[in-house]
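*Asks:* Model the following, please.
(one chain, ligands or ions: 1)
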Amino acid sequence: MSRDSDEFLKSLNINGKLDKETDPFLKSMNERKIDKVPDFPSLADQGKNMTELLAKFVESQMEGNQIFAPESEQKRRYDMCQVCEHFVKHAKRCRKCGCYMKHKVKLEVSECPIHKW
Ligand code: SF4
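*Replies:* The predicted model follows:
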């Protein structure tokens with residue numbers, strides 16, 4: 001399922017400043033003539049996912065664990081994402097959690113929401 005980009009933009013335009021000319025993701029979609037956006041989780045769910053990740057990150061840091069996963073593990077994770085049916089290639093985001101996977105795979109505490117890695 002997907003929504004029209006204008007509808008999506010309207011739903012995100014909380015402060016009235018987000019548009020296809022200034023937002024990098026929407027600008028990229030506009031330039032590539034992609035007029036449908038994938039259904040990412042709601043902003044509330046994305047916020048919840050981020051909060052949970054941050055809580056795990058802080059807990060892990062207090063236990064003295066490393067911040068970043070080894071590079072080989074980061075690559076293994078990202079390779080799996082790239083062939084996953086939930087990976088949105090042009091946005092480099094996961095449709096399940098809404099995260100930008102190039103960044104998420106780097107953190108040691110990150111997890112795939114459906115346990116692929
Ligand atoms: S995090 Fe998991 S569900 Fe999301 S794109 Fe990667 S492998 Fe797929």
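*Asks:* quick one: low-confidence ranges for this protein?
*Replies:* Scanning the chain for pLDDT under 70 picks out 1-26, 29-38.
*Asks:* which stretches of it form strands?
*Replies:* 2-4, 36-38, 87-88, 93-94 (DSSP state E).
*Asks:* near the ligand, which residues of the protein?
*Replies:* Counting by CB under 6 Å from any ligand atom, the positions of the chain adjacent to the ligand are 80-81, 84, 86-87, 94, 96, 101, 112-114, 116. All C-beta atoms are positioned from the backbone trio N, CA, C, and that covers glycine.
*Asks:* change it to 5 Å
*Replies:* Residues of the chain lying close to the ligand by CB under 5 Å from any ligand atom are 80-81, 84, 86-87, 94, 96, 112, 114, 116.
*Asks:* I'd like these as CSV, with distance to F40 and neighbour count appended.
*Replies:* What follows is the residues of the chain next to the ligand, written out as CSV (distance: CB to CB, whole Å; neighbours: other CB atoms under 10 Å):
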residue, distance to F40, neighbour count
M80, 19, 15
C81, 14, 22
C84, 14, 17
H86, 10, 16
F87, 12, 17
C94, 8, 22
K96, 9, 17
C112, 16, 19
I114, 15, 11
K116, 18, 13
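*Asks:* Out of the residues you listed, which two sit at the greatest distance?
*Replies:* Farthest-apart pair in these is M80 and K96; separation 12.8 Å (CB to CB).
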